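> With the input below, show me the fold.
(2 chains)
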Protein chains: 2
Amino acid sequence: MMRIDGGVTAAKGFRAAGTAAGIKYQGRSDMAMIACERPCRVAGTFTTNVVKAAPVRWDQHIVYDVGMAQAVVCNSGIANACTGEEGMDCCRQTARAAAGELGINEEYVLTASTGVIGMQLPVERICEGTRKLAGLLADSPEAGSQAAKAIMTTDTVSKEAAVSIELGGKTVTIGGMCKGSGMIHPNMCTMLAFVTTDAVISREMLQEALSDVVKDTYNMVSVDGDTSTNDTVLLLASQMAGTREITEHGEDYDRFVEALREVNTVLARKIAGDGEGATALLEVMVKGAGTHQDAVTLAKSVVSSSLTKAAVYGHDPNWGRILCALGYAGVDFDPEKTDIYFESRAGRLKIVENGMDAGYSEEEASRILSEDEVRVEADLHGGDGQAVAWGCDLTYDYVRINADYRS
Amino acid sequence: MMRIDGGVTAAKGFRAAGTAAGIKYQGRSDMAMIACERPCRVAGTFTTNVVKAAPVRWDQHIVYDVGMAQAVVCNSGIANACTGEEGMDCCRQTARAAAGELGINEEYVLTASTGVIGMQLPVERICEGTRKLAGLLADSPEAGSQAAKAIMTTDTVSKEAAVSIELGGKTVTIGGMCKGSGMIHPNMCTMLAFVTTDAVISREMLQEALSDVVKDTYNMVSVDGDTSTNDTVLLLASQMAGTREITEHGEDYDRFVEALREVNTVLARKIAGDGEGATALLEVMVKGAGTHQDAVTLAKSVVSSSLTKAAVYGHDPNWGRILCALGYAGVDFDPEKTDIYFESRAGRLKIVENGMDAGYSEEEASRILSEDEVRVEADLHGGDGQAVAWGCDLTYDYVRINADYRS
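Residues are numbered from 1 along each chain as shown, chains lettered A, B, ... in the order given. Sure, this is the predicted structure:
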C-alpha cells in the first residue's frame, strides 16, 4: 500500500470541482461536485439521528434502492435539515439540474449539505451553482482540492487522503475528502466524507467494506458528543482499474479493506485534529479490556470527557479525570490494575500504575501534553480488547465558535 | 408543606460546623461536620462509576450493612479517590477521631471528600480538623451555613434548602446542603448532598424515599457529562419529631416523599445553576414522549448537548441543535410533530412547530435566552411521558476553570 497525493480525483474516472455559489457565506467557495465518467457502484453509511436531513433521506434511497450513482453535489452553509417537503424538493431540483448538465440519470445524483439546521436552501442559487460546477469539472488534484475546500464550514483546513495498492498486477486507487469540525460524534459515520475508487468490486462487498471500516474510523471520533442530522459517508467505485471483480472474501478483498481503512483513518484523524477550536488531536488507546466492544466504549468515553479535554488544553496531567471517564463508561474493569501512559513527540511517560499515581514528573507530563498530537494509553490488564478513539481538546475557541455560530 | 430557612441543622437533633483545616486551599474553610444527638437511621445513594473514592466505599458499608449513623465528616480540596489502601485508612482514622471527640460509635461516622482525584489526604490535618469541628458544633442556621460553605470547591455559592410539613399534628422538618459544580452528571446521585430530618421512619422506607427522589432530582442534572468518582447523597433521620413511625406506603409516606423531593429539587437546581462557569440555569422539559423513561433520556440529551449549551451562552435561539440532540438520544419519536418553546422571566415563545421554524422573532427569542434561568420545552405529541432535566450554559469560564484546575 502506498500513500499518494490527492483526494477524490485520484482514482480513475473521477472529476471534481468547487465554486462560490453564495449559499450563505460571502467571498468563499461553498459548493462542490464529484462526477464519474460512468455509473458507479455505491455504498453509504448515514447518521443514526432520528432527525435526518433531507439529503440524507435522498441519498439513502439511492444507496439502498438504486445501488448506482454517478455524481455528488454538496453545499456548505445550510444543512437542509428540519426543512420538510420543501427540503426534499430542493434535493430533487438539484439532482435534476446536475443530471441535465452532465447528461446522466437523475436517480444517480447524490446530494449532501452541511451548515445551519432549520433554514431552507436558496434553490435557485443551488441549481445555478450546480450548472457552474458542471463546467468546472476536472480530474486534476487541484480540482479535488477545490472540492474539499468548498465543503468546509468551521473547518480550518481541508481534508483529503489517497492510497494505491496493486491487485493482480494492476493499480487500484482509493481517494477521499471529508469535512467536520463541530457537531461531531458520529454514530454510523461522520459529518460528510466522500471516497472514490476505481476498484472493481460488487455492490455487496463494497457496502460490507465501508460498513466495516466506518466502525473503526469515523465512529471512533468525537469532538463534542453531538451526533449530527447530516452525517454521511459515500463510497463510489468506478470499476475502471481493470482488475478481476472482487465478489467474495479473500486476499483481494482484505487488501482493498486495508487500503480503505487507511484512507478513512487519515480522514478521521484530520476531523478530530481540526475539531472546533482545537489546539491538539487527542488519541486515546484502550488495551487490555475484556472485549473489543468494551475497549471501544471505554476509549470513546475518555475522548468525549469535557474535563479530560479541558485538561489537555491546559497541558494539565490531571489523570484522575481519565480514570474517572473510564469508570463511568458503563463497562466493568479493575481500576486497581489500570496503568495510564501519556505520549507525544516530546516523549512517553507512565502516569498511573495500578490505579494510582506512578510518581511521574509533572513538568515532563505537561511538556508531553503541549504537543499538537497527544496520545493517552490505558492498559487495563483484563483481556485482549483494544481500540483507538480520536478527539481534541476543549478550548475557549470552541465556546466562541458555538456561542455565536449563526451571526 | 412550607419552605423554611436553614439547612442541615433545621431538623431536630442536628448540629453542624465548618472550619479551615488547611487541607489544600489556603484562607478558606474546607472541612464540615454534621452530628446528631442520637443515632440516626441512614439512607444513601452513591456514584455508579466503577472507580469509587475511598469515602464512597466507607459510606456504602455503613449505609448497606450498619444501617445507622450519627455523624458526617466532609472535606473539600482533595477527593480521596484512586488512593488505594492508604485512602481507606484515612477514612478509618477520620471516623476514629470523630467518634472519640463525640463519644459515639466509630461505625456511625460517615465520611465524604471532594476535590482533586489521585492525591492522598493529609491525614494528620484531617484528624486535627475533625477535633476542631467537634468543638464548634451548633444547632443554629449559621452553623449549618458554615458547614455548607466548607464543602464548596469550584462552587460560587453555598447551597442549602429546608421545608417542614405537619404529620399527625406534629412538625416534621427536612433540611439539606449540597455542593457540586464540575464533574456533574450524576447517575444515582450528585456530587455531595447531605440531608437531615427528624422524621420517624423505618430504615427501609427512608431508603425507598431517597432512591425514588434522587431519580427526579440529582440524576436529572448534568453540567458536563462527567459522572464523578465521589457522588454521594446521604439522608439521616433522627426520629425526633414525635410522630408515629412511617413503616409503610400511605398518606404520611407520600407527604414525606413530597417534602423530600422539594428539598432535593431546590438543591439539584442550585447545583445546575452554579455549574462551573455558568451564566444561566438551563431547564429542559420534555413532554408528549412515549414513556416517562423516554422523556428522561430525551431531556438529559438536550441538557447535556455542548452545542445547545454554547448557544444558550450566546443567547442564540439555534433550535436546530435542540432538535438534533433530541434526535440522537436513542429514543424514537416523530420530529415532524415536535414543537419547541423557549421561556424565561422575559416571556414565552414558540420556536418550532411540527419540526420546523415557527416563524418567531429572533430578537424576542434572544431576549428570552438572556435571563439567568432559561427553560426549553419540547412537546413531542407522542404520548404521556414527561420529565425535567437541569443543566447550564457552556462558557469560556468552564474551559478556564478546567484547563487549569490543579495549579
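> Mind checking what helix or strand follows the strand or helix carrying A:R125 in sequence?
Assigned by DSSP states H and E, A:R125 belongs to helix A:123-136. Next in sequence after helix A:123-136, counting helices and strands by DSSP H and E, comes helix A:141-150.
> ok, then the element right after that next one?
Downstream of helix A:141-150 (by DSSP H and E), the next one is strand A:159-167.
> List the buried residues for the helix or strand just after that following strand?
Using DSSP H and E, the helix or strand that follows strand A:159-167 towards the C-terminus is strand A:170-179. Across strand A:170-179, burial judged by 16 or more other CB atoms under 10 Å in any protein chain shown covers A:171-179. For the C-beta atoms, the positions are set from N, CA and C on the backbone; glycine is no exception.
> Chain B next: which of those residues are close?
By CB under 8 Å from any CB of the partner chain, no member of the buried residues of strand A:170-179 lies near chain B.
> quick check, nearest of those residues to chain B?
Of all those, the one sitting nearest chain B is A:K179; the distance, using CB to the nearest CB, is 16.6 Å.
> now the helix holding A:R125: mean pLDDT?
Helix A:123-136 comes out with an average pLDDT of 97.
> how distant is stretch A:321-334 from the center of its chain?
Its chain's C-alpha centre and that of stretch A:321-334 lie 26 Å apart, by CA atoms, centre = their mean, to the nearest Å.
> May I have the phi/psi pair for A:G27?
Dihedral pair for A:G27: phi 70, psi 30, per degrees, to the nearest 10.
> Let me see the ranges of the helices in the stretch 1-150 of chain A.
A:54-61, A:84-102, A:123-136, A:141-150 (DSSP state H, counting those that start in this stretch).
> Let me know whether the strand ranked longest in chain A sits next to chain B.
Secondary structure of chain A per DSSP state E: the longest strand is strand A:31-46. No - using CB under 8 Å from any CB, we find that strand A:31-46 stays clear of chain B, coming within 12.7 Å at best.
> hey, C-alpha coordinates of that strand in CSV?
Extracted in CSV, the C-alpha atoms of strand A:31-46 (Å, rounded to 0.1, in the frame of the first residue of the first chain):
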residue,chain,number,x,y,z
MET,A,31,-20.5,24.1,-3.4
ALA,A,32,-18.6,21.0,-4.7
MET,A,33,-19.3,18.4,-7.3
ILE,A,34,-17.8,15.0,-7.9
ALA,A,35,-18.7,13.2,-11.1
CYS,A,36,-17.6,10.0,-12.7
GLU,A,37,-17.4,9.3,-16.5
ARG,A,38,-19.5,6.1,-16.0
PRO,A,39,-22.1,5.0,-13.4
CYS,A,40,-20.5,3.7,-10.2
ARG,A,41,-21.5,1.1,-7.7
VAL,A,42,-22.2,3.0,-4.5
ALA,A,43,-22.1,2.3,-0.7
GLY,A,44,-23.0,4.6,2.1
THR,A,45,-23.5,4.9,5.8
PHE,A,46,-25.7,7.6,7.4
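> Low-confidence ranges, chain A, go.
Across chain A, the ranges flagged by pLDDT under 70 are A:182-190, A:223-226, A:404-407.
> Got the domain ranges for it?
A:2-273, A:281-403 (automatic domain parsing).
> picking that back up, which helices and strands sit right next to the helix holding A:R125?
Packing contacts for helix A:123-136, counted by 3 or more CB pairs under 8 Å, 6 or more residues apart in numbering or on different chains; DSSP states H and E, involve strand A:14-19, strand A:31-46, strand A:68-78, helix A:84-102.
> Next, format the ones you listed as TSV and append mean neighbour count.
Shown next, in TSV, are the helices and strands packed on helix A:123-136 (neighbours: other CB atoms under 10 Å in any protein chain shown):
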stretch	mean neighbour count
strand A:14-19	25
strand A:31-46	24
strand A:68-78	25
helix A:84-102	19
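> wait, which of these is closest to B:I201?
Among these, the nearest to B:I201 by CB to CB is strand A:31-46 (53.1 Å).
> now the closest one: how far from the chain's centre is it?
On CA atoms, centre = their mean, the centre of strand A:31-46 falls 16 Å from that of its chain.
> List the residues that contact A:D393.
Going by CB atoms under 8 Å, 6 or more residues apart in numbering or on different chains, A:D393 touches A:278-280, A:282, A:309-310, A:312-313.
> from the residues you listed, which is closest to B:V296?
B:V296 lies nearest to A:K309 out of the contacts of A:D393, by CB to CB, at 25.9 Å.
> pretty sure the closest one is touching A:C392, no?
Yes - using CB atoms under 8 Å, A:K309 makes contact with A:C392 at a distance of 7.0 Å.
> Can you work out which residues contact both of the two?
What both A:K309 and A:C392 touch, as defined by CB under 8 Å, 6+ apart, is the set A:L282.
> So which residues of the stretch 251-400 of chain A form strands?
A:281-289, A:339-344, A:347-353, A:356-357, A:373-379, A:385-392 (DSSP state E, counting those that start in this stretch).
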